[in-house]
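# A predicted structure for the sequence below; I have some questions about it.
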Amino acid sequence: MKMRLLLCLLAAATAASGEEAVEIAKRSLPFIKEKGLAWIEDRQCASCHQIPSMLWSLNSAVRAGLDEGKETREWTPWAADWKHWNQTGEKDGVDKVSSFNVETMAWLLLGRDAASPAPAWTTDFRAQILKNQQADGSWKAQGQLPLGKRPTREINEVTTMWTLLALQSYADQEMPADVLRKAEEYLAKAVLGQSTEWHAVRLLLKRGDAALREALLKLQHEDGGWGWLAQEPSDAFGTGMALYVLAHDGLPADHAARTKAVQFLQNTQKPNGSWAVPSTRARDKNKVNNTATYWGTAWAVIGLLETPGKNVASAAESVSSSASP
């Protein structure tokens, strides 16, 4: 009888925590849509993270029943068109533009609507990603990513790991053995990363690795959050990524690390549904800026709404995941 009561209480606590996370995410959707549409209209550029993170977060909201998906159906084909990745339009050609937007393709693939049939652009992305692997096995970060406040090697390692995950999302196509081998050899030389993102994405590559999970958990701050850079104060960017990965790795919703993270996001959310996030660029000296705030808000939503096995990245389970450093 006591055991049954305890199980009921645990189930109720888990449900309450889940409902709280959903409500926090729901408050962010108007901000994400408004600022995302403004970016599209003002910049006419998908950007390496801005629009992909928007679509990823909105697809998460659709899966959670918070959104009907009107914007994602309208904006995804636009974002997947390579002519919108640079402001040069068609002048440079698809091969050159794609070579500067590997992570754009990777995030669009990982954040896509997995419930619908794969559109033609996913096949095109795969071909472009494969041809842009570097001789050392990596994929190079482009756009403003190399300006980030972490070592160049780590920046490229993160892009390489996201790209591997994107390639692994093709459940019906095997990863070419030589591509995986070269990437593994590159990542085998990695040193400990400075960013929560580095720790998070390597756990995505090797789900269920207890040591990698513990390493990510140890980076959680007392306030319940993670910083995008592990040693910096908590923010929505680092916290959202950590939440997403830990949930995707199977950490229960009522685990203290997840409930504390949800509480952190609840405590720090602004009235307009966003979170203030310091710039990821070294030259900005940790000042809050609009781009990082948008990325962080989108990732907070992705993390709050993640349920294991419900997104594109889960297809990676069927592919060798030994590339994690």
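In hand now; what should we look at?

# how about low-confidence regions in the chain?
Across the chain, the stretches falling below the confidence threshold (pLDDT under 70) are 1-17, 88-89, 308-325.

# again, 90 this time
Per-residue confidence of the chain (counting by pLDDT under 90) places the weak regions at 1-19, 43-49, 86-92, 114-117, 143-144, 170-175, 307-325.

# those helices in it, which residues are they?
Along the chain, the segments classed as helices by DSSP state H run 2-43, 50-63, 70-80, 94-99, 102-110, 120-131, 152-168, 177-187, 196-205, 210-217, 236-248, 256-268, 290-305.

# ok, which of these comes nearest Asp223?
Taking Cβ to Cβ as the measure, the helices of the chain were each checked against Asp223, and helix 256-268 came out nearest at 5.5 Å. C-beta coordinates here come from the backbone N, C-alpha and C atoms, glycine included.

# which other helices and strands does that closest one contact?
helix 2-43, helix 236-248, helix 290-305 (3 or more Cβ pairs under 8 Å, 6 or more residues apart in numbering; DSSP states H and E).

# ok, now with 6 Å
If contacts are counted by 3 or more Cβ pairs under 6 Å, 6 or more residues apart in numbering; DSSP states H and E, helix 256-268 sits against helix 2-43.

# number of residues surrounding Leu219?
Summarising burial for Leu219: neighbours were counted as other Cβ atoms under 10 Å, giving 17.

# any idea what sits nearest it, other than its immediate chain neighbours?
Nearest residue to Leu219, sequence neighbours excluded (Cβ to Cβ, 6 or more residues apart in numbering): Ala230, at 4.7 Å.

# could you measure from that neighbour over to Lys182?
In this structure, Ala230 and Lys182 are 28 Å apart, going by Cβ to Cβ, to the nearest Å.

# picking up where we left off before, dump the helices of the chain into a markdown table; add mean neighbour count and distance to Arg283 as well.
Formatted as a markdown table, the entries for the helices of the chain read as follows, by neighbours: other Cβ atoms under 10 Å; distance: least, Cβ to Cβ, whole Å:
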| stretch | mean neighbour count | distance to Arg283 |
| --- | --- | --- |
| helix 2-43 | 15 | 20 |
| helix 50-63 | 25 | 19 |
| helix 70-80 | 17 | 27 |
| helix 94-99 | 16 | 25 |
| helix 102-110 | 25 | 20 |
| helix 120-131 | 16 | 29 |
| helix 152-168 | 23 | 15 |
| helix 177-187 | 17 | 28 |
| helix 196-205 | 25 | 19 |
| helix 210-217 | 15 | 28 |
| helix 236-248 | 28 | 18 |
| helix 256-268 | 19 | 25 |
| helix 290-305 | 27 | 13 |
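
# these into JSON lines, with extra columns for distance to Ser138?
Putting the helices of the chain into JSON lines (distance: least, Cβ to Cβ, whole Å) gives the following:
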{"stretch": "helix 2-43", "distance to Ser138": "28"}
{"stretch": "helix 50-63", "distance to Ser138": "20"}
{"stretch": "helix 70-80", "distance to Ser138": "24"}
{"stretch": "helix 94-99", "distance to Ser138": "13"}
{"stretch": "helix 102-110", "distance to Ser138": "10"}
{"stretch": "helix 120-131", "distance to Ser138": "12"}
{"stretch": "helix 152-168", "distance to Ser138": "5"}
{"stretch": "helix 177-187", "distance to Ser138": "5"}
{"stretch": "helix 196-205", "distance to Ser138": "14"}
{"stretch": "helix 210-217", "distance to Ser138": "20"}
{"stretch": "helix 236-248", "distance to Ser138": "21"}
{"stretch": "helix 256-268", "distance to Ser138": "31"}
{"stretch": "helix 290-305", "distance to Ser138": "22"}
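
# out of those, flag the one nearest Val277.
Comparing those against Val277 with Cβ to Cβ, the closest turns out to be helix 290-305 (3.4 Å).

# for the closest one, which outside residues touch it?
With contact meaning Cβ atoms under 6 Å, 6 or more residues apart in numbering, helix 290-305 is reached by 21, 24-25, 28, 32, 35, 49, 53-54, 56-57, 60, 64, 235-237, 240-241, 243-244, 265, 274-277, 279-280.

# just the angle between it and helix 236-248, please?
20 degrees (axes from the mean of the first three to the mean of the last three Cα atoms, to 10 degrees).

# orientation of helix 290-305 relative to helix 256-268 in degrees?
If you take the same axes, to 10 degrees, helix 290-305 sits at 130 degrees to helix 256-268.

# what angle do helix 290-305 and helix 50-63 make?
Orientation note: helix 290-305 sits at an angle of 20 degrees relative to helix 50-63 (the same axes, to 10 degrees).

# name the nearest residue to Thr297, sequence neighbours excluded.
Ser274 (4.5 Å).

# who's in contact with the one you found?
Taking Cβ under 6 Å, 6+ apart, we find Ser274 in contact with Phe31, Thr293, Thr297.

# who's in contact with the first one?
Put plainly, it is Phe31. So Phe31 contacts Asn272, Gly273, Ser274 (Cβ under 6 Å, 6+ apart).
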